[in-house]
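Undergrad: Provided below are the primary sequence and the corresponding predicted coordinates.
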Amino acid sequence: MHFHLDAVQDIVGFAPTNVRPGEFFWALVRGLVTSDEPEFYKYVEQISNLFLNRCGVLQNAVYQFLVLIHGDSSAELYVNDFAVEVEILAKRDIEAQEVATDEDIADIRRLKFPGIQITDTDKLIYCFKVGWKFGLFLDLDCQERLDVDAAWMALGKLYRELSFQYVYEVLRSGTQFEEMMKHGWFPFIALLGWRYRALCEAYPDGFDFDKRIEGVVASFDRATVEQITARWWRKAVFLEKRELIEAGTNAFLRGDEEGYINCIKTLLPEAEGILRIRYFGDTGKGKDVSVRDLVQSIKEMGEAKSGSGYSLLLPVPFLDYLRDVVFAQFDLATGQIDLSRHSSSHGVAPASAYTRTRALQSILVLDQICYYL
């Protein structure tokens, strides 16, 4: 449904607090709001009164709407059946016209409306549904022209956060995220989808915990691992190390304790080697390069690739993961000897630490790094 309105009330923003006559106030002119926030309902009700009700649109039948307010105070209202495109970073090769699912999404960058003309003199309101929740985007700034691409990026961010809310909720929780990190888990791109959901759900209640974790680990069979590694050889630094890396992944696929030991012993040093080689290529520095330098560089690469510290690439949390888990220090005096690149290479990690889960995580670390390059 598309409605043209010849004249509408010019919205300059929303007042976030009560204001008396003669008082100054800050107006919300640009923002992202979800239906988890109480103010969402106040904003969307007023927008509905101004536009949807005027056009006779029944609120209960709406799952998305777009309002464009033009510089001449006319407006366009689009409801439900208009095209929406989402720019997605793919996990695998996807053929033209092939169905893509949540399992294929590595990241979401932009959301836009093909076929709908939007100019930099327009004001934009977009409300949409993802699952059982809504997102609302506003850009009503009358002082600056609409940055259309910035709006697409902001809409992509809102769509991403609603689509992968289970990831961001764990990050924001702090306690659960730290507990999962201690066990070597991270929202690796290869895990996103049902696997990471299953991990997140296993931690709060602890019911049948080991069996549920093992179910996720067991899902990484030969076909899945080979699908992951197929992406790696497109990166020169991975391709140069293919023989060494495949020795590690093949050891994991053997499915025995000796294989898991060999997998970890091979892949953790190779992960550091990839970071060092890339760092040398970027900076020319090969000596006196610390682990801190390396993890900082991978964070910067992730941010450059994603354009956002909290895209699904999660470069800022991944820096913490590399520092606190992959390259964690050990202390023989206190008995603090978690499995890491250092404890493994220095030969102080106990044999019991070389598990199937830890071996899989070493593969997932390499895969995450690959997305950053």
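TA: Looks like it came in fine.
Undergrad: now name the helix or strand holding A359.
TA: Following DSSP states H and E, the helix or strand that holds A359 is helix 356-372.
Undergrad: what packs against that helix?
TA: helix 209-218, helix 222-232, helix 242-254, helix 257-283, helix 291-306 (3 or more Cβ pairs under 8 Å, 6 or more residues apart in numbering; DSSP states H and E). C-betas here are computed from N, CA, C, even on glycine.
Undergrad: quick one: contacts for Q117?
TA: Counting by Cβ atoms under 8 Å, 6 or more residues apart in numbering, Q117 touches no other residue.
Undergrad: mind listing what the residue nearest the centre of the chain touches?
TA: Closest to where the C-alpha atoms of the chain average out (Cα atoms, centre = their mean) is L312, at 1.3 Å. The contact partners of L312, by Cβ under 8 Å, 6+ apart, come to L89, I105, A106, D107, I108, R160, F164, V167, P187, I189, L192, S306.
Undergrad: again, but for A61
TA: N80.
Undergrad: what segments of the stretch 101-250 of the chain are strands?
TA: Assigned by DSSP state E, counting those that start in this stretch, the strands in the stretch 101-250 of the chain fall at 105-112, 123-130, 133-139.
Undergrad: out of those strands, nearest to I47?
TA: I47 lies closest, by Cβ to Cβ, to one member of the strands of the stretch 101-250 of the chain: strand 123-130, at 6.0 Å.
Undergrad: can you pull the buried residues of that closest one?
TA: By neighbour count on 16 or more other Cβ atoms under 10 Å, the buried set for strand 123-130 is K123, L124, I125, Y126, C127, F128, V130.
Undergrad: and the second one, what's its pLDDT?
TA: L124 is assigned 95 on the pLDDT scale.
Undergrad: excluding residues flanking it in the chain, which one is nearest it?
TA: D139 (4.8 Å; Cβ to Cβ, 6 or more residues apart in numbering).
Undergrad: re earlier: for the helix holding A359, which positions count as buried?
TA: 356, 358-372.
Undergrad: which one, of the helices and strands packed on helix 356-372, ends up nearest to F65?
TA: Nearest to F65, of the helices and strands packed on helix 356-372 and by Cβ to Cβ, is helix 291-306 at 29.0 Å.
Undergrad: ok and that closest one relative to helix 257-283, angle-wise?
TA: 80 degrees (axes from the mean of the first three to the mean of the last three Cα atoms, to 10 degrees).
Undergrad: packing partners of the next helix-or-strand element following helix 291-306?
TA: Using DSSP H and E, the helix or strand that follows helix 291-306 towards the C-terminus is helix 315-321. The contact analysis (3+ Cβ pairs under 8 Å, 6+ apart) places helix 315-321 against helix 175-182, helix 291-306.
Undergrad: how far out from the middle of the chain is the last one?
TA: In terms of Cα atoms, centre = their mean, to the nearest Å, the centre of helix 291-306 is set 16 Å apart from its chain centre.
Undergrad: return the list of helices and strands in contact with that helix.
TA: Using 3+ Cβ pairs under 8 Å, 6+ apart as the test, helix 291-306 ends up in contact with helix 257-283, helix 315-321, helix 356-372.
Undergrad: in JSON lines, list the ones you listed along with distance to G13.
TA: Putting the helices and strands packed on helix 291-306 into JSON lines (distance: least, Cβ to Cβ, whole Å) gives the following:
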{"stretch": "helix 257-283", "distance to G13": "43"}
{"stretch": "helix 315-321", "distance to G13": "31"}
{"stretch": "helix 356-372", "distance to G13": "38"}
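Undergrad: which of those helices sits closest to D205?
TA: Going by Cβ to Cβ, the one of the helices and strands packed on helix 291-306 nearest D205 is helix 356-372, 19.4 Å.
Undergrad: next, the angle from that closest one to helix 291-306.
TA: Using the same axes, to 10 degrees: helix 356-372 against helix 291-306 is 60 degrees.
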